[in-house]
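# Turn this into a model:
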Amino acid sequence: MNLKKKKELAKRTFNIGEKRIVFAESRLNDIKEAITKQDIRDLKQDGAIIIKEKKGRKKIKKKRGRSIGNIRKKRKKRKEDYMILTRKLRKYTSKMKNKKEISKTDFDEIRKKIRNKIFRSKSHLRNYMKG
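This is a model prediction of the structure:
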């Protein structure tokens, strides 16, 4: 029995490939009599036509990697370090000014340099003031 045309009709009805369509051996006569797409749909509902599952590899969506260009440093920590150091140095310079160990002009210059992050630490500031 040649059911090639019926397979093609089923292919067009369900929008699938011919290899996925399987006819039940016991219901071949019913399938042979089917003419319209509706007949094919009814036969599928009755179980005369079986549709196989899709074969192949499952497509996996890739996550975007965390490459070197995507790494961002935390700003909060950097700012916190700056604030701690600045406050420490300003406090020290104001004490030195109150004791009159440095002049007002030197004090203003040192404050500008503190703001520009020229001094790494308190000891670095002390060495600058001595030299």
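
# Could you write out the alpha-carbon coordinates of the lowest-mean-pLDDT helix or strand in the chain in PDB?
The helix or strand of the chain with the lowest confidence, counting by mean pLDDT, DSSP states H and E, is helix 28-33 at a mean of 90. The C-alpha coordinates for helix 28-33 follow below in PDB (Å, rounded to 0.1, in the frame of the first residue of the first chain):
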ATOM      1  CA  LEU A  28      -4.000   1.700   7.400                       C
ATOM      2  CA  ASN A  29      -7.400   1.300   5.700                       C
ATOM      3  CA  ASP A  30      -8.800   4.300   7.600                       C
ATOM      4  CA  ILE A  31      -5.800   6.300   6.700                       C
ATOM      5  CA  LYS A  32      -6.100   5.400   3.000                       C
ATOM      6  CA  GLU A  33      -9.700   6.700   3.000                       C
END
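
# For the closest residue to Y82 other than its chain neighbours, what are phi and psi?
Ranked by Cβ to Cβ, 6 or more residues apart in numbering and with sequence neighbours excluded, the top spatial neighbour of Y82 is K117, at 6.9 Å. C-beta here means a position set from N, CA and C on the backbone, and glycine is covered the same way. Torsion angles at K117 (phi, psi; degrees, to the nearest 10) stand at phi 60, psi 40.

# swap in V22?
When read as degrees, to the nearest 10, the backbone of V22 gives phi -130, psi 130.

# now swap in R78 and tell me
phi -60, psi -40.

# just to revisit the earlier point, just checking, which helix or strand succeeds the least confident helix or strand of the chain along the chain?
For helix 28-33, the following helix or strand on the C-terminal side (DSSP states H and E) is helix 37-46.

# what's the burial count for the residue nearest to Y82?
Number of residues near K117 (other Cβ atoms under 10 Å) recorded here: 11.
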